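In: predicted model and sequence below, questions to follow.
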Amino acid sequence: MSIEPTSLQPLIRVLEKSGYAQFSAPGDRHGSWEWPFFRTSKDLTRFVTLAATPVDSHGTLEVELWVGAQAADQKSIRKLVHARRISSEDLLGAVGDLTKQTEQAVCQAGALRNADLIPSPLSPDDGYRLSAGRSPRLARR
Amino acid sequence: MGTSSLLATLLDQEMLENRGTITISPSLIPDDLVPSKNGRTVFKELGGRFLLRYLVPAQLKAFQMGGTGIHWVTPTAYQPEETISWLALPALSEPRRHALVLDPRKIAVIRGPRWVRLGAGIEYILPNGFPQQALVLPWPIEVT
């Protein structure tokens, strides 16, 4: 599936006014159309991501807004902050509401702190290499 | 979180980094800054392995002619209940029980590898999608 990015301009303006930039162009991440935006601060990189996933063969989409944050040590968190099911034909009509939800998502992303982050089960910086003779810690996510 | 995903990802990390010339890009590097290679180079760095592109149930017949636009793929086999968290995917209610198997040699441009942001897997980026010829099997393979 694909969504015309220009149809989402009001939502993008909210993100850009809040200091977010596109992390990657929109594309398909293992079944979900995804458009991630990021903002880097001193200690965290925060994300707001719009996603849409086809859930049946009739054009129904699960439209979601996710927020997340990641630190340089690979600790991270991600949270689903908005989800709704709509027909792909109704997506344009939903842009207004999605824009309001994006404003809230920006606030929720901004509220994420280092203390909210949880360790990654794999951290490249920690030398979790089998060949280095180190056993990786199992970490809960 | 299952340990098979941890082991599978660790072994893929070893396979890539033991070649001595490959660095897995940090997860916070945007797509455009991840090194771009041709598919034959990626096939070699993967030791002749293929790439996996997981699917939601509604997509089972969607890519029989290939896929356009940007797609993200991984070399690592995950169980459906682990795919979403390791690759930090949306749509928690849509388990990825199927995958397309892609031959990197048939894909002109591939960026990667890179650690998955907000997740823990390894990914490659197909900035121009994949042609029908890249499908190792003409149909998706069931993961379990």
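Out: Yes, it's here. Residues are numbered from 1 along each chain as shown, chains lettered A, B, ... in the order given.
In: assign the nearest residue to B:Ser5 once chain neighbours are set aside to helix, strand or coil.
Out: Using CB to CB, 6 or more residues apart in numbering or on different chains and skipping residues adjacent in sequence, the residue nearest B:Ser5 is B:Glu82, 4.3 Å away. Where you see a C-beta, it was placed from the backbone N, CA and C, and this is true even at glycine. Put simply, B:Glu82 is helix when judged by DSSP: H, G, I helix; E, B strand; the rest coil.
In: so which residues of chain B form strands?
Out: Along chain B, counting by DSSP state E, strands occupy B:36-37, B:51-55, B:66-67, B:70-73, B:98-102, B:110-115, B:122-126, B:130-131, B:141-142.
In: in terms of helices and strands, where is the closest residue to A:Pro26 other than its chain neighbours?
Out: Nearest residue to A:Pro26, sequence neighbours excluded (CB to CB, 6+ apart): A:Trp35, at 3.9 Å. A:Trp35 is part of strand A:32-40 when elements are defined by DSSP states H and E.
In: ok, now A:Thr53?
Out: strand A:45-54.
In: so how far is that strand from its chain's centroid?
Out: With CA atoms, centre = their mean, to the nearest Å as the basis, strand A:45-54 stands 3 Å off its chain's centre.
In: still on that earlier bit, which helices and strands sit right next to the strand holding A:Trp35?
Out: Packing partners of strand A:32-40 (3 or more CB pairs under 8 Å, 6 or more residues apart in numbering or on different chains; DSSP states H and E): strand A:21-22, strand A:27-29, strand A:45-54.
In: point me to the residue of chain A nearest chain B.
Out: For chain A, the residue closest to chain B is A:Gly27, as judged by CB to the nearest CB, at 2.7 Å.
In: now that residue, nearest residue through space, not along the chain?
Out: Residue nearest to A:Gly27 in three dimensions, not counting chain neighbours: B:Ile70, with 2.7 Å by CB to CB, 6+ apart.
In: wait, isn't the one you found in contact with A:Trp33?
Out: No: in this structure B:Ile70 lies outside contact range of A:Trp33 using CB atoms under 8 Å: 9.8 Å.
In: find the residue at the geometric middle of the chain.
Out: In the absence of a named chain, chain A is used. A:Thr49 (3.1 Å; CA atoms, centre = their mean).
In: report the separation between it and A:Arg29.
Out: 9 Å (CB to CB, to the nearest Å).
In: got any residues that touch both of these two?
Out: B:Pro90 (CB atoms under 8 Å, 6 or more residues apart in numbering or on different chains).
In: low-scoring stretches of the chain, by residue?
Out: If you meant another chain, say so; for now it's chain A. For chain A, the stretches flagged by pLDDT under 70 are A:1-2, A:122-141.
In: wait, chain B was what I had in mind.
Out: Looking at chain B by pLDDT under 70, you get B:1-3.
In: what about the helices in it?
Out: Secondary structure of chain B (DSSP state H): helices located at B:3-17, B:39-45, B:80-86.
In: those into CSV, with extra columns for mean neighbour count?
Out: Shown next, in CSV, are the helices of chain B (neighbours: other CB atoms under 10 Å in any protein chain shown):
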stretch, mean neighbour count
helix B:3-17, 18
helix B:39-45, 18
helix B:80-86, 21
